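[1] what follows is a predicted structure for the sequence shown.
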2 protein chains.
Amino acid sequence: MPRRPRTPLGSRRALLDAAAAEFAARGYAAANVDRIARVARLNKAMIYYHFRSKAALYREILRDMFDAVGSRVRAIAASDASPEDKIRSFIDVIAIEGEARPHFPPMWLREIAEGGGRVDTQTLRYAMDVLGSLGAIIDEGCRAGRFRPVNPMLIQGGIVAPLMFFLATAGVRRRLDRAGAHGASKFSREDLVTHIQHVTLAVLEGRIA
Amino acid sequence: MPRRPRTPLGSRRALLDAAAAEFAARGYAAANVDRIARVARLNKAMIYYHFRSKAALYREILRDMFDAVGSRVRAIAASDASPEDKIRSFIDVIAIEGEARPHFPPMWLREIAEGGGRVDTQTLRYAMDVLGSLGAIIDEGCRAGRFRPVNPMLIQGGIVAPLMFFLATAGVRRRLDRAGAHGASKFSREDLVTHIQHVTLAVLEGRIA
DNA sequence: GTCTATAAATAGATAGAC
DNA sequence: GTCTATCTATTTATAGAC
């Protein structure tokens, strides 16, 4: 007997979720549309009904993820908090959004490795928003005499790279732990965020170099 | 007329080089053995003559890279330099080896995203060596009363993740630069290494948190 | 050691029924 | 909206000549 259709666009949502998991775990090329459909408890043809192609499906997922992070970061930069608090929030948001979307960190890592060759203009804009917002926060702190001018790319790298690394390696770290490495997974996202906040502010306030 | 064979194992070297470039740029699944052979100015069948399979070729490249970094790091940990200098050298070596092997950073990023599912036991051992050596250096510094006990994984993440990120994004950063982001690529590997050295030592010596 | 030719499997995409 | 069946292209891998 045929299953009854789910709520309108429910199948679309199911496909997006299954696809995000597949793309994150295997990467674009190794991802398999049949498997995506099966996980979503649907047929492969539904992917081509809701999306144009495997590539379009991928781009939509990536765009949504960058959009979510980008808009939250923009809001922080535009708020009237102090530069220090903005930096803390910036770090918090990257970590929270990254943890709330477990498929984002691996996909981000893969795109970096890819050299960004697969990101569309829209997605690139979101990514640049993040860097631009961080730059604006730093500028503001400099004008207020509280930050030293530091290359935003350097600051962003010190924040985002470790965060994505740690979020993407939750699984491996547990394996390393069991294999004998000491305490590889013995700290939480909050510990890491606090650490990065302290380091980043120390750098920006010139308490280090 | 048939080209004459190159020096013994010259074809093997050519295939390894071409394959590293292909795997780094496209990832394992999207890499194409035909293209690897063409770039090496050889025939696809030569890949199966020198290596068992595409997968074996991939693992050999990955293992060589981790081996090179692992053994240099082990040597640093075993030297009689001060803990501070060992930390500096550790960071230097990761950066230098990563820059000397431009295909390593992207492959590293992809493996992290993959959750390490493709690394063989040998390669995993090399990777654990790096973390183990860093842990030993930190322990030594602690016993000498110069470092605070900090989770090695936290320190390693703060060093390796930004380095791999920056080395892997040389190309994208130039594109972002032209697209309007300010000064994205306006610093060198030395600048970055110096920065990471300062930050890492500040953390280990308890001058931050 | 190196090549040609080909086998065999996989996987993206579409047509058309229900 | 959902599924079955199928077309087509790509691609790993091998057999065998030179």
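    It's in. Everything quoted here is computed from the prediction, not taken from an experiment.
[2] show me what the strand or helix carrying A:Leu192 is packed up against.
    Using DSSP states H and E, A:Leu192 maps to helix A:189-204. Other elements packing on helix A:189-204 under the criterion 3 or more C-beta pairs under 8 Å, 6 or more residues apart in numbering or on different chains; DSSP states H and E are helix A:83-100, helix A:152-168, helix B:152-168, helix B:189-204. To be clear about C-beta, it is placed using only N, CA and C from the backbone, and glycine gets the same treatment.
[3] what average pLDDT does the first one get?
    The predicted model gives helix A:83-100 an average pLDDT of 98.
[4] who's in contact with A:Ala95?
    The contact partners of A:Ala95, by C-beta atoms under 8 Å, 6 or more residues apart in numbering or on different chains, come to A:163, A:167, A:189, A:192-193.
[5] and the strands in chain A?
    Assigned strands in chain A: none (criterion: DSSP state E).
[6] hang on, the earlier thing: sort out which residues of the helix holding A:Leu192 are buried, please.
    By neighbour count, and taking 16 or more other C-beta atoms under 10 Å in any protein chain shown as the criterion, the buried residues in helix A:189-204 are A:189, A:192-204.
[7] how far does it sit from the chain's center?
    The offset between the C-alpha centroid of helix A:189-204 and the centroid of the whole chain comes to 18 Å, using C-alpha atoms, centre = their mean, to the nearest Å.
[8] out of the helices and strands packed on helix A:189-204, nearest to DNA strand D?
    Each of the helices and strands packed on helix A:189-204 was scored for nearness to DNA strand D using C-beta to the nearest atom of the strand, and the closest is helix B:152-168 (22.5 Å).
[9] now the angle from that closest one to helix A:189-204?
    Our comparison of helix B:152-168 with helix A:189-204, counting by axes from the mean of the first three to the mean of the last three C-alpha atoms, to 10 degrees, yields an angle of 60 degrees.
[10] mind giving me the packing neighbours of the longest helix seen in chain A?
    With residue count as the measure and DSSP state H as the assignment, chain A has helix A:54-78 as its longest helix. For helix A:54-78, the helices and strands in contact under the criterion 3+ C-beta pairs under 8 Å, 6+ apart are helix A:10-30, helix A:83-100, helix A:104-114, helix A:121-143.
[11] 6 Å - rerun?
    Counting contacts by 3 or more C-beta pairs under 6 Å, 6 or more residues apart in numbering or on different chains; DSSP states H and E, the secondary-structure elements packed against helix A:54-78 are helix A:10-30, helix A:83-100, helix A:121-143.
[12] and chain A, which of its residues are near DNA strand C?
    For chain A, the residues in contact with DNA strand C (C-beta under 7 Å from any atom of the strand) are A:31-34, A:44-45, A:48, A:53-55.
[13] for chain A, what are the low-confidence residue spans?
    Applying pLDDT under 70 to chain A flags the ranges A:1-5, A:176, A:181-184.
[14] if we can go back for a sec, out of the contacts of A:Ala95, what pair is the most spread apart?
    Farthest apart among the contacts of A:Ala95 by C-beta to C-beta are A:Leu167 and A:Val193. That separation is 11.0 Å.
[15] send the alpha carbons of the helix holding A:Leu192 over as PDB?
    The C-alpha trace of helix A:189-204 is given here as PDB (Å, rounded to 0.1, in the frame of the first residue of the first chain):
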ATOM      1  CA  ARG A 189      32.300  24.100  23.300                       C
ATOM      2  CA  GLU A 190      31.900  26.600  26.100                       C
ATOM      3  CA  ASP A 191      35.500  26.000  27.300                       C
ATOM      4  CA  LEU A 192      36.700  26.500  23.800                       C
ATOM      5  CA  VAL A 193      34.700  29.600  23.200                       C
ATOM      6  CA  THR A 194      35.900  31.200  26.400                       C
ATOM      7  CA  HIS A 195      39.500  30.400  25.500                       C
ATOM      8  CA  ILE A 196      39.100  31.900  22.000                       C
ATOM      9  CA  GLN A 197      37.400  35.000  23.400                       C
ATOM     10  CA  HIS A 198      40.300  35.600  25.800                       C
ATOM     11  CA  VAL A 199      42.900  35.100  23.200                       C
ATOM     12  CA  THR A 200      41.300  37.200  20.600                       C
ATOM     13  CA  LEU A 201      40.700  40.100  22.900                       C
ATOM     14  CA  ALA A 202      44.200  39.900  24.200                       C
ATOM     15  CA  VAL A 203      45.500  40.200  20.700                       C
ATOM     16  CA  LEU A 204      43.200  43.100  19.700                       C
END
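[16] can you list contacts of that helix?
    Among residues not part of helix A:189-204, those counted as contacts by C-beta atoms under 6 Å, 6 or more residues apart in numbering or on different chains are A:87-88, A:91, A:95, A:99, A:147, A:159, A:166, A:208, B:199, B:208-209.
[17] residue numbers of chain A in contact with DNA strand D?
    Chain A has residues A:2-3, A:5-6, A:8-12, A:41-46, A:49 near DNA strand D, with proximity defined as C-beta under 7 Å from any atom of the strand.
[18] B:Asp129: which of the helices and strands packed on helix A:54-78 is closest?
    Taking C-beta to C-beta, helix A:10-30 is the member of the helices and strands packed on helix A:54-78 nearest to B:Asp129, at 26.7 Å.
[19] if I look at the closest residue to A:Asp120 other than its chain neighbours, how far off is A:Glu97?
    The spatially closest residue to A:Asp120, leaving aside those adjacent along the chain, is A:Arg59, at 5.5 Å (C-beta to C-beta, 6 or more residues apart in numbering or on different chains). Plainly put, A:Arg59 is 19 Å away from A:Glu97 if you go by C-beta to C-beta, to the nearest Å.
[20] that's all I had, so thanks and see you.
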